[in-house]
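> Structure for this input, please:
(2 chains)
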Amino acid sequence: MSLTAADIQEIMRLVEASHFDELELETDGTKIVLRRGAAVSAAVAAPAPAVKQTAAVAAPAPAAAPAPAPVVASSAGGEAVTAPMLGTFYRQPKPGAPPFVEVGMPVDAETVIGVIEVMKLMNTVRAGIKGRVTEIVAADGGLVEFGDTLIRVAPEA
Amino acid sequence: MAIRRVFIANRGEIAVRIIRSCKVLGLETVLAVSAADRDSLGARLADRTVCVGPPRSTDSYLKIETIVHAALATGADAVHPGYGFLSERAPFARLCEDNGLVFIGPTPAQIEAVGDKLRARHEAIAADVPVVPGAEVNSVQEAVEAAAQIGTPLLVKAVGGGGGRGMKRVDVLGDVPQAVELASAEAAAAFGDPRVYLERYVSSGRHVELQVLGDGRGEVIHLGERDCSVQRRYQKLIEETPAVGLSKRLLDDLHAAGVRFAKRLKYRGAGTVEFLVDCDRDCFYFLEMNSRIQVEHPVTEMVTGFDLVAEQICIANGEGLRIRQPEVVLHGHAIECRVNAEDPAQDFRPSPGLVSRADWPTGDGVRVDTYIESGARVPPFYDSLMGKLIVHGKDRHAALALLEQALAATCIEGVATNIGFHRKVLGNAEFRLGGVDTGFVNRI
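Here you go, the predicted model:
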């Protein structure tokens, strides 16, 4: 079975009409991932000022230290989603694209939360847990070691 | 020095050992650790550690791309592979070099040349280095001629066989035709392949190896031999230098042969040429070359006074050989015991776990290379080597006395060790006399 262009358009319409932000569909030989960009942007709108503030405070420090400081601070706790391997962590599929996840977004076990690049090989990282993202811990484009916390997720049943 | 930061792709005692030489040279160190080694002594001594993966070495220390990625991301300019793991993997050395990292070791081509046993044997023959005499024979007539060349005792082996199956020992040349016909018929029945070959049989052999250093441009020196005949199932347990009871002629020839072999390859870095000394015939044969630093390198350091790991790094840095052959003078005698976490009561099965107490000996002429302190763990994922006890005396007699004291002063609790085995060997008259063959451990 393969999907036609008309099938995909129909699927997109269904997702649009649903209350889901993301759909991953895999049939033999074909995989499509649909994500609602607008919904993601809306979700980040609230914590955004906090980011700016952090940046302003950090500005006087000499040079940009590649410390694994949280990209977005969050007061909420949650379960750590850790790096399954050492490599360079990217929050989005390609430069300029919206991040896979943001604080406040719902995730489930299969949700892609980032990629880890090891010598040009991209490895998809999934949340492995159902819940809501409370914190983005790992810096985009930085080295993550095996076991480092990437994001935190408040579990939901 | 161009090298400023060394990435160490290893663990255990050799990681600690490499860090020590880096500190002497004023180099920064980044140590790769698996999740099981985060709290190891090496992790505390290194300037930085990076966790490269979960405990299983196939997911951490053996992951070529991950290790190179980690070295690049931590700003290292050179990689020291230690021994084992990726140390003799040509693709690893090549990936390092392709990414601008200095591989502290030989070239990928040299690793390949000595890693293939058949190719290494051809290189040895081309370098006029003796190999175990042998020949494939296609008829009884050929076998008789070859046997006369090889001499007795010899083995008739099936080309298609393995694991000792189909082997016949021949002690008298007159028995060759019958043995070959029988072996050939058996081989045809058992393996569907009647071809046989003859090989000289070494009934009593000693494992004697030569430490070499090469600059990669054809200059090679040696730092004397090591006798590693005390082995169990090809696992070395006690090593010493110099090798006792061998004629000066044989040793001089062995030294020259090892250097010839390394020169032919224009070998770069530290390496070891291994030989089998045939005790009955008073000659030696090339076995293989190890293109890495060896576990037993400290005995050579003790008698020569040179730091082999530092020399490896300096050669990798393009400084060439800092030592000339006449400067290599051997002082006294050194012996090393490998202290393993293994249980003699359970056929020397590995005995990992928490080391509740680790008292190692100290004093003049005593050196301990280890990563085990009280409270440390021997993880179950890697080899069982906990540390090496090395003693250095003015002669073998003095070294043996020192080793006896050092073993008595060693106290390891929480895991089973082979220290009792070492003490037993030390008390053995044949060992004390010196020059035991590789069958020694099985006899005691």
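> Name the next helix or strand downstream of the lowest-mean-pLDDT helix or strand in chain A, please.
The weakest-scoring helix or strand in chain A, judged by mean pLDDT, DSSP states H and E, is helix A:48-58 (a mean of 33). Moving toward the C-terminus from helix A:48-58, the next helix or strand (DSSP states H and E) is strand A:79-82.
> What ranges does chain A have for its strands?
A:22-27, A:30-35, A:79-82, A:87-90, A:106-107, A:112-118, A:121-126, A:131-136, A:143-144, A:149-155 (DSSP state E).
> Check the spacing between B:Val391 and chain A real quick.
Distance, B:Val391 to chain A, by Cβ to the nearest Cβ, to the nearest Å: 39 Å. (Each C-beta comes from the backbone N, C-alpha and C, glycine too.)
> For that residue, grab phi and psi.
phi -120, psi 150 (degrees, to the nearest 10).
> any idea of the mean pLDDT for stretch B:192-208?
Averaged across stretch B:192-208, the pLDDT comes to 90.
> okay, how far is it across that stretch, tip to tip?
38 Å (Cα to Cα, to the nearest Å).
> now swap in stretch B:100-107 and tell me
14 Å.
> who wins for proximity to chain B among the strands of chain A?
strand A:143-144 (4.2 Å; Cβ to the nearest Cβ).
> and that closest one, what other elements does it pack with?
strand A:87-90 (3 or more Cβ pairs under 8 Å, 6 or more residues apart in numbering or on different chains; DSSP states H and E).
> helices and strands around the strand it packs on, which ones?
Using 3+ Cβ pairs under 8 Å, 6+ apart, strand A:87-90 is in contact with strand A:112-118, strand A:143-144, helix B:64-73.
> okay, the ones you listed in JSON lines with distance to B:Ala32 and mean pLDDT next?
Below are the helices and strands packed on strand A:87-90 laid out as JSON lines (distance: least, Cβ to Cβ, whole Å; pLDDT from 0 to 100):
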{"stretch": "strand A:112-118", "distance to B:Ala32": "14", "mean pLDDT": "97"}
{"stretch": "strand A:143-144", "distance to B:Ala32": "13", "mean pLDDT": "98"}
{"stretch": "helix B:64-73", "distance to B:Ala32": "6", "mean pLDDT": "98"}
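> Turn these into CSV, columns for mean neighbour count.
Formatted as CSV, the helices and strands packed on strand A:87-90 follow (neighbours: other Cβ atoms under 10 Å in any protein chain shown):
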stretch, mean neighbour count
strand A:112-118, 20
strand A:143-144, 24
helix B:64-73, 23
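> I'd like the average pLDDT over stretch B:229-246.
Rounded mean pLDDT across stretch B:229-246 is 95.
> same thing with stretch B:339-352?
Stretch B:339-352 shows a mean pLDDT of 93.
> Can you give the contact residues for it?
With contact meaning Cβ atoms under 8 Å, 6 or more residues apart in numbering or on different chains, stretch B:339-352 is reached by B:232, B:353, B:355, B:370, B:377-380, B:384-389, B:410, B:412, B:415-422.
> In strands only, show me those residues.
B:Arg232, B:Gly353, B:Thr370, B:Arg377, B:Val378, B:Leu385, B:Met386, B:Gly387, B:Lys388, B:Leu389, B:Ile412.
> tell me the contacts of the closest residue in space to the second one that isn't next to it in sequence?
Take B:Gly353 and drop its neighbours on the chain: the residue closest to it by Cβ to Cβ, 6 or more residues apart in numbering or on different chains is B:Val415, 4.8 Å away. B:Val415 is in contact with B:Ala341, B:Ser351, B:Pro352, B:Gly353, B:Leu354, B:Val355, B:Val378, B:Met386, counting by Cβ under 8 Å, 6+ apart.
> I'd assumed B:Gly414 was in contact with the fifth one.
Yes - under the criterion of Cβ atoms under 8 Å, B:Leu354 is in contact with B:Gly414, at a separation of 5.2 Å.
> quick one: which of those two has more around it?
A count of neighbours by other Cβ atoms under 10 Å in any protein chain shown puts B:Gly414 above the other of B:Leu354 and B:Gly414, at 19 against 12.
> quick one: the closest residue to the more buried one other than its chain neighbours and chain A, what's the gap?
Excluding the flanking residues, the one nearest B:Gly414 by Cβ to Cβ, 6+ apart is B:Ser356, at 3.7 Å. Using Cβ to the nearest Cβ, B:Ser356 is found at 27 Å from chain A.
> again with B:Leu155
47 Å.
> and what of B:Gly269?
Taking Cβ to the nearest Cβ, one finds B:Gly269 at 24 Å from chain A.
> dump the residue contacts of that residue.
For B:Gly269, the contacting residues are B:Ile104, B:Gly105, B:Pro106, B:Leu213, B:Gly214, B:Gly216, B:Ser291, B:Gln312, B:Ile315, B:Ala316, by Cβ under 8 Å, 6+ apart.
> ok, now with 7 Å
B:Gly269 sits next to B:Gly105, B:Pro106, B:Gly214, B:Gln312, B:Ile315, B:Ala316 when contact means Cβ atoms under 7 Å, 6 or more residues apart in numbering or on different chains.
> Just the element for it, please.
Judged by DSSP H and E, B:Gly269 forms part of strand B:268-278.
> What of B:Glu112?
Going by DSSP H and E, B:Glu112 is part of helix B:108-115.
> in that helix, what counts as buried?
B:Pro108, B:Gln110, B:Ile111, B:Glu112, B:Ala113, B:Val114, B:Gly115 (16 or more other Cβ atoms under 10 Å in any protein chain shown).
> ok, the third one - contacts?
When you say that, I think you mean B:Ile111. Contact partners of B:Ile111, counting by Cβ under 7 Å, 6+ apart, are B:Glu88, B:Ala90, B:Ala93, B:Ser291.
> Could you measure from the last one over to chain A?
Distance of B:Ser291 to chain A, given as Cβ to the nearest Cβ: 24 Å.
> Pull the contacting residues for the spatially closest residue to A:Glu110 that is not a sequence neighbour.
Nearest residue to A:Glu110 in three dimensions, chain neighbours excluded: A:Arg126, at 5.7 Å (Cβ to Cβ, 6+ apart). If you count contacts by Cβ under 7 Å, 6+ apart, A:Arg126 has them with A:Ala109, A:Glu110, A:Thr111, A:Val112, A:Ile113.
> Surely the second one touches A:Glu24?
Yep, that's A:Glu110 we're talking about. Yes - with contact defined as Cβ atoms under 7 Å, A:Glu110 reaches A:Glu24; the gap is 6.5 Å.
> Just the strands from the stretch 301-444 of chain B, written as ranges.
B:333-340, B:342-343, B:349-350, B:353-354, B:357-359, B:366-370, B:377-378, B:385-393, B:411-413 (DSSP state E, counting those that start in this stretch).
> The fourth one pairs with which strands?
Pointing back at strand B:353-354 there. strand B:377-378 (antiparallel) (DSSP bridges).
> Show me the shaky parts of the chain.
Using chain A here. A:1-5, A:8, A:12-22, A:26-32, A:35-76 (pLDDT under 70).
> you looked at the wrong chain, it should be chain B
For chain B, the ranges with pLDDT under 70 are B:1, B:161-166.
> So which residues on it come close to chain A?
B:Ala35, B:Val50, B:Cys51, B:Val52, B:Gly53, B:Pro54, B:Glu65, B:Thr66, B:Val68, B:His69, B:Ala70, B:Ala73 (Cβ under 7 Å from any Cβ of the partner chain).
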